[in-house]
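[1] sequence first, predicted model second:
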Amino acid sequence: MELSSKDGGKRQKRSVIGRIATANLREGERYYLKLLLNHVRGPFSFEDLLMVNERDCQTFKEAVKERGLLESDNSISECLREAVLFKMPSALRNLFATILVHCDPTDIRKLWDTYCEDMSEDFRRIHKYLSDTQLQCTLKSINYFLQSMGKSAGKYDLPKLNQCRDENVPTECREIIEEKAIQVSEEDFNAQSKLNPEQEQAFKIILQRVDFGRAGLFFVDGPGGTGKTFLYRALLANVRSRSMIALATTTSGVAATILPGGRTVHSRFDIPLETSEIIITNMSKQSGGAKLIRKAKLILWDEEPMAMRQTIKTVDRSFGDIMDVDEPFGGKIMIFGGDFRQVLPVVPKSTRVETVNASLVRSYLWPKMEKDLTNKKYESKDRSSIQ
Ligand SMILES: Nc1ncnc2c1ncn2[C@@H]1O[C@H](COP(=O)(O)OP(=O)(O)OP(=O)(O)O)[C@@H](O)[C@H]1O
């Protein structure tokens, strides 16, 4: 059928130029070719595109540069130049790392050469006459920021990073430093001595696993107001006060504010919003988040019944990958908690059965969880029963 135009006449047939496929900057020459095609009018051949100001460029990237089309690098440079005026060198290095990861600058070495001096100002003061140490400290510090974003300096066109031992450069990633900096309040620390018999029993069983370094999957169940949060706080305080890492996560943001150092699972484990059978979290094995998980002695997930079964599976699969251990959650000690009587996962327009099917109780992980902690026997460190 021939469509007619608004004035009722027949539509004129014209030659149509097809849509140009998109190209990402990481695709290299293909991206620059696309950039040229978008800007150069009426080229007859690839050679036409490579010819700029009567100069025969060897690559499309060179031609793009020659035509001054690399606007983004100019704006990145502008951004760093502005930041130099008011940012401390460490913040500048953080910004530089963020730009490398998220802005895909084309000429990284040029950016480095331009701002290296500003980024190393603090190290130049500390290591006055040791130019190589200044350079290595700056690179190491940038690498530290890159690592927390799952990248490393070796992947970029930067000077080679050698071993550099300097107390002014953090050796651990940001996530671990932040977690270790969480203060244990006196109230939480004293909660250990106020636990009721059920809480105390669960407390001992979980800590026993921590001390033995054995895997554990626990579910702390109980109606609202029965003291689950009280138990979590005591556990977190105990582990953290012994300079170990205990992660506090929850399904909802509100619950995360109740726990010291609490974060939502989506934020802490970088869980994609759409989870499916094949998806794992967005945490790479080299990221700071993955390092934190490897170091964590105990991971708490409160309000778990609100989470979708698929989300839990995604985290399970991701932990297995990060830990390289073929056990649930990579063999970590996981404490899930919540109350199925309160809120279940939100499944739009679902029936009661569908909602239950989307929850943890229908997961392959549910039977593997230790639930009735109060009826268990607690073993002392020499593994003899004390109850
Ligand atoms: N062993 C205890 N000693 C003193 N107070 C306690 C103890 N256990 C719980 N509480 C207090 O009881 C109240 C309810 O406890 P908590 O908030 O831990 O319950 P919850 O099971 O987490 O509730 P919800 O499921 O609604 O979050 C709190 O004020 C808490 O301080």
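    Structure received.
[2] for this structure, name the helix or strand with the lowest mean pLDDT.
    helix 71-86 (a mean of 80; mean pLDDT, DSSP states H and E).
[3] okay, buried residues for that helix please.
    Buried residues in helix 71-86, counted by 16 or more other C-beta atoms under 10 Å: 73, 76-77, 80, 83-84. Bear in mind the C-beta positions are built from the backbone N, C-alpha and C, glycine included.
[4] next one: stretch 244-263
    Buried, per 16+ other C-beta under 10 Å, within stretch 244-263: 245-251, 255-256, 259-263.
[5] if we take those residues, which one ends up nearest to the ligand?
    Nearest to the ligand among the buried residues of stretch 244-263: Ala255, at 7.5 Å, using C-beta to the nearest ligand atom.
[6] which non-adjacent residue is nearest Leu236?
    In this structure, Leu236 finds its nearest non-sequential neighbour in Ala246, 4.9 Å apart by C-beta to C-beta, 6 or more residues apart in numbering.
[7] tell me the contacts of that neighbour?
    235-236, 239-240, 296-300 (C-beta atoms under 8 Å, 6 or more residues apart in numbering).
[8] circling back: counting by contacts, list what the very next helix or strand once past the least confident helix or strand of the chain packs against.
    For helix 71-86, the following helix or strand on the C-terminal side (DSSP states H and E) is helix 89-102. On a contact count with 3 or more C-beta pairs under 8 Å, 6 or more residues apart in numbering; DSSP states H and E, helix 89-102 meets helix 71-86, helix 108-119, helix 121-126, helix 131-147.
[9] out of the buried residues of stretch 244-263, which are inside helices?
    255-256 (DSSP state H).
[10] before we move on, back to that, make TSV from the helices and strands packed on helix 89-102 and add distance to Ile99 to it.
    Below are the helices and strands packed on helix 89-102 laid out as TSV (distance: least, C-beta to C-beta, whole Å):
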stretch	distance to Ile99
helix 71-86	6
helix 108-119	8
helix 121-126	18
helix 131-147	11
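[11] let's have these in CSV, adding distance to the ligand.
    What follows is those, written out as CSV (distance: least, C-beta to the nearest ligand atom, whole Å):
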stretch, distance to the ligand
helix 71-86, 44
helix 108-119, 46
helix 121-126, 45
helix 131-147, 36
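[12] for Ala202, find the nearest of those.
    Closest to Ala202 of the helices and strands packed on helix 89-102, according to C-beta to C-beta: helix 131-147, at 36.1 Å.
[13] how about the strands in the stretch 251-387 of the chain?
    Taking DSSP state E, counting those that start in this stretch, the strands of the stretch 251-387 of the chain run over residues 262-264, 298-302, 333-338.
[14] so what does the helix or strand containing Lys65 touch, helix or strand wise?
    In this structure, Lys65 is located in helix 60-66 according to DSSP H and E. The elements that helix 60-66 packs onto, with contact taken as 3+ C-beta pairs under 8 Å, 6+ apart, are helix 29-39, helix 46-50, strand 51-52.
[15] can you list the residues that contact it?
    28-29, 32-33, 35-36, 49-53, 55, 57, 70, 106.
[16] most widely separated two among those?
    It's Gly28 and Asn53 that sit farthest apart of these, by C-beta to C-beta, at 23.2 Å.
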